[in-house]
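Engineer: dropping the sequence and predicted coords here.
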Amino acid sequence: MSGLPLAELLGLPSLSRARLLAGDPWRRVSWVHVVDVPEPAPWVRPGQLVLTTGYAWPRKAPALRRFAEELAAAEPAAIALAVPQFFETFPEPALSVLARAGVAALELPWEIPFAQVSEEVLRRLLAQQLEVEKRAQSLHRALMAALLEREDLASFLDHLSRLLNREVRFSQRSGQGFAASVPLGRETAGYLVLEGPVEALEVQVLESAALVAGLILAHQKALAEREARLGYAFLDALLEGRQEALTPERARAFGLDLERRYRLGVAFLPLSLPLSERGFQERERALGEVRDLLASMGVRPVLSLNLNQVRFLFPEPMDPKAFFLRLGRPWPLRFSRPHFPHCLAEALLEVGRLEAFGQPGVYLYEEHLVPRFLLGDLEARQELLDLLRPLPEREREALLAWVGAGFRFQEAARALGVHLNTLRYRLRRLSERLGLSLEDPEDRFLLELAARVWSWETK
């Protein structure tokens with residue numbers, strides 16, 4: 001609100017001898033006006049300091065109360081009555097009405113000229129207005145400088161709070177206090193909020209700052225979209241096996257460590273193809289969730305989009321299952337084996353071999369060899385053979401005999417013509433090499449499948 005508090009104006013020489021009888025001394029005075037007519041209300045405006053001799057005031061209590069009620073309804077900041085002349089003191093009936101309305105009631109010594117009061121008050125109000133204009137220009141220049149310096153929103157809010165000497169916060173809701181809407185295209189991105197009472201200058205500055213904040217957000221959005229497009233193209237190039245895309249400079253720019261292995265993770269979204277406009281929006285939201293979760297885990301997000309898929313790199317040795325639980329979305333998440341960045345084309349093929357798994361959950365390529373084989377994946381057949389191919393021949397023979405004997409150690413030892421302890425030793429060595437347990441039912445089933453396939457292939 002414009003103007004100055006009455007309490008501040010009471011320090012002026014002409015008003016220093018005025019006596020405040022009732023009302024709110026912190027009401028703001030926006031103008032000073034001399035009114036001495038029988039019906040003053042039409043001549044009074046909100047926020048005025050009204051000077052009067054009381055010459056035209058009624059003298060009887062009921063009429064005084066009605067007179068004061070009409071005057072209070074005009075919402076002046078204060079009524080200053082010159083005494084003693086037409087009234088010895090401020091009449092009690094009028095005083096009580098003004099006090100209830102919060103209008104300040106003053107007694108001003110008769111000998112103080114109204115012209116002096118008017119001159120001093122107006123001079124002070126004009127000085128304050130010039131001061132406000134000067135500060136407004138200074139704040140405007142500061143806002144433009146912030147825009148030209150391309151500050152991010154957090155830095156801009158901190159800068160703005162220092163300029164106003166009050167906290168300015170960004171909120172998705174208008175809330176309490178004064179809120180200036182921040183435009184972003186045709187939508188409202190949020191609000192700049194000042195809590196509590198606000199000055200006219202603060203309103204003016206906050207409305208200008210909201211436009212600056214909108215420009216900052218628009219710039220950040222454009223940068224994010226450009227960075228995202230570059231990121232999509234970079235990851236897609238790696239998945240297509242284009243090694244020329246994997247320069248040390250580009251790897252550093254995207255936070256990729258060439259000496260580290262990464263899984264390719266693919267979130268399959270329950271969206272119909274071709275994507276509708278709403279589908280595109282849902283996919284963008286899903287990508288944002290994946291990106292934000294990766295960032296919260298300290299991972300520089302490298303992502304891309306393909307139809308109803310969100311693809312991303314997931315560094316070893318981070319746990320994909322923990323990632324799925326934290327994401328908390330009913331999507332199938334499929335992960336390749338860990339690969340170095342120059343081998344990510346193979347990772348894309350591996351994830352493609354998991355496409356039969358469409359229920360919500362997390363699917364690791366290396367943990368789904370048996371289900372893929374049972375579903376007819378020819379590549380899984382080859383991987384079962386590759387599991388046994390590096391083994392020493394004696395260990396592989398021990399496994400084939402053990403499986404052929406129905407996992408009975410003594411029969412397998414007799415079939416091989418070796419001592420039982422020798423068989424156990426060879427199987428234990430095989431278990432250590434493959435990282436599989438002979439006691440675990442799933443690991444044993446995997447070994448049996450590998451042995452059966454080997455037997456079929458080598459007959």
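Structural biologist: Yep, it's here. Residues are numbered from 1 along each chain as shown.
Engineer: okay, helices next: where are they in the stretch 101-250 of the chain?
Structural biologist: Remark: helices assigned in the stretch 101-250 of the chain by DSSP state H, counting those that start in this stretch are 114-148, 153-164, 200-239, 248-253.
Engineer: low-confidence stretches in the stretch 51-200 of the chain?
Structural biologist: Counting by pLDDT under 70, the stretch 51-200 of the chain shows low-confidence ranges at 132-133, 135-136, 138-151, 175.
Engineer: then the stretch 301-450 of the chain?
Structural biologist: In the stretch 301-450 of the chain, residues with pLDDT under 70: 368-378.
Engineer: let's see that with 90 instead.
Structural biologist: 301-309, 316-317, 328, 330, 337, 341-418, 420, 423-424, 427-428, 430-450 (pLDDT under 90).
Engineer: I'd guessed residue 14 sits against residue 122; true?
Structural biologist: No - Residue 14 lies out of contact with residue 122 (C-beta atoms under 8 Å); the separation is 11.4 Å. From N, CA and C alone the C-beta is placed, and that goes for glycine too.
Engineer: quick one: which of the two has more around it?
Structural biologist: Comparing residue 14 with residue 122 by other C-beta atoms under 10 Å, the one with more neighbours is residue 14, at 20 against 12.
Engineer: can you pull the contacts of that one?
Structural biologist: 112, 113, 116, 117, 120, 121 (C-beta atoms under 8 Å, 6 or more residues apart in numbering).
Engineer: quickly note the distance from the nearest residue to the third one once chain neighbours are set aside to residue 51.
Structural biologist: It stands for residue 116. Nearest residue to residue 116, sequence neighbours excluded (C-beta to C-beta, 6 or more residues apart in numbering): residue 14, at 4.6 Å. Residue 14 sits 10 Å away from residue 51, taking C-beta to C-beta, to the nearest Å as the criterion.
Engineer: give me the common contacts of these two.
Structural biologist: Each of residue 117 lies in contact with both residue 14 and residue 51 under the rule C-beta under 8 Å, 6+ apart.
Engineer: tally of neighbours for the closest residue in space to residue 185 that isn't next to it in sequence?
Structural biologist: What sits nearest to residue 185 in space, not counting adjacent residues and going by C-beta to C-beta, 6+ apart, is residue 218, at 7.4 Å. Residues lying near residue 218 (other C-beta under 10 Å) number 14.
Engineer: equivalent analysis for residue 189, please.
Structural biologist: The local packing of residue 189 (other C-beta under 10 Å) involves 19 other residues.
Engineer: same thing with residue 43?
Structural biologist: Residue 43, neighbours per other C-beta under 10 Å, totals 14.
Engineer: let me know the pLDDT of it.
Structural biologist: For residue 43, the pLDDT comes out at 90.
Engineer: cool, and the one 4 residues further on?
Structural biologist: Note on residue 47: pLDDT of 91.
Engineer: surely it and residue 33 touch.
Structural biologist: No - using C-beta under 8 Å, residue 47 is not in contact with residue 33; the gap is 10.2 Å.
Engineer: residue 105 touches residue 95, doesn't it?
Structural biologist: Yes - contact criterion C-beta under 8 Å: residue 105 and residue 95 qualify, at 5.3 Å.
Engineer: got any residues that touch both of these two?
Structural biologist: Common neighbours of residue 105 and residue 95 (C-beta under 8 Å, 6+ apart) are 21, 22.
Engineer: pop the domain breakdown of this structure in here.
Structural biologist: Following automatic domain parsing, one finds the domains of the chain at 4-122, 150-239, 255-367, 380-458.
Engineer: any chance of those in JSON lines, with distance to residue 128 too?
Structural biologist: Below are these laid out as JSON lines (distance: least, C-beta to C-beta, whole Å):
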{"stretch": "domain 4-122", "distance to residue 128": "6"}
{"stretch": "domain 150-239", "distance to residue 128": "10"}
{"stretch": "domain 255-367", "distance to residue 128": "48"}
{"stretch": "domain 380-458", "distance to residue 128": "80"}
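Engineer: the closest residue to residue 211 other than its chain neighbours pairs with what?
Structural biologist: Spatial nearest neighbour of residue 211, excluding adjacent residues (C-beta to C-beta, 6+ apart): residue 183 at 7.0 Å. Here residue 183 sits in beta bridges with residue 188, as judged by DSSP bridges.
Engineer: contacting residues for residue 183?
Structural biologist: Counting by C-beta under 8 Å, 6+ apart, residue 183 touches 189, 210, 211, 214.
Engineer: and which of those residues is nearest residue 252?
Structural biologist: Among the contacts of residue 183, residue 189 lies closest to residue 252 (C-beta to C-beta), at 32.2 Å.
Engineer: show me the contacts for that closest one.
Structural biologist: 182, 183, 213, 214, 217.
Engineer: could you check how far it is from residue 270?
Structural biologist: Shown here: residue 189 relative to residue 270, a distance of 29 Å by C-beta to C-beta.
Engineer: same question for residue 355.
Structural biologist: Relative to residue 270, and taking C-beta to C-beta, residue 355 is found at 15 Å.
Engineer: do the same with residue 359
Structural biologist: Taken as C-beta to C-beta, the span from residue 359 to residue 270 is 11 Å.
Engineer: who's more crowded, the two?
Structural biologist: Higher neighbour count among residue 359 and residue 270: residue 270, with 12 against 8, using other C-beta under 10 Å.
Engineer: where does the more buried one land in three-state SS?
Structural biologist: coil (DSSP: H, G, I helix; E, B strand; the rest coil).
Engineer: was I right to think it contacts residue 331?
Structural biologist: Yes - Residue 270 lies in contact with residue 331 (C-beta under 8 Å); the separation is 7.2 Å.
Engineer: just say helix, strand or coil for residue 438.
Structural biologist: At residue 438 the chain is in coil, as set by three-state DSSP.
Engineer: give me the nearest residue to it, chain neighbours excluded.
Structural biologist: Leaving aside its sequence neighbours, residue 438 sits nearest to residue 431 (C-beta to C-beta, 6+ apart; 5.3 Å).
Engineer: just say helix, strand or coil for that neighbour.
Structural biologist: The three-state label given to residue 431 by three-state DSSP is helix.
Engineer: the contacts of residue 14, buried ones only, as a PyMOL selection?
Structural biologist: To isolate the buried members of the contacts of residue 14 in PyMOL, using 16 or more other C-beta atoms under 10 Å:
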select buried, resi 112+117+120+121
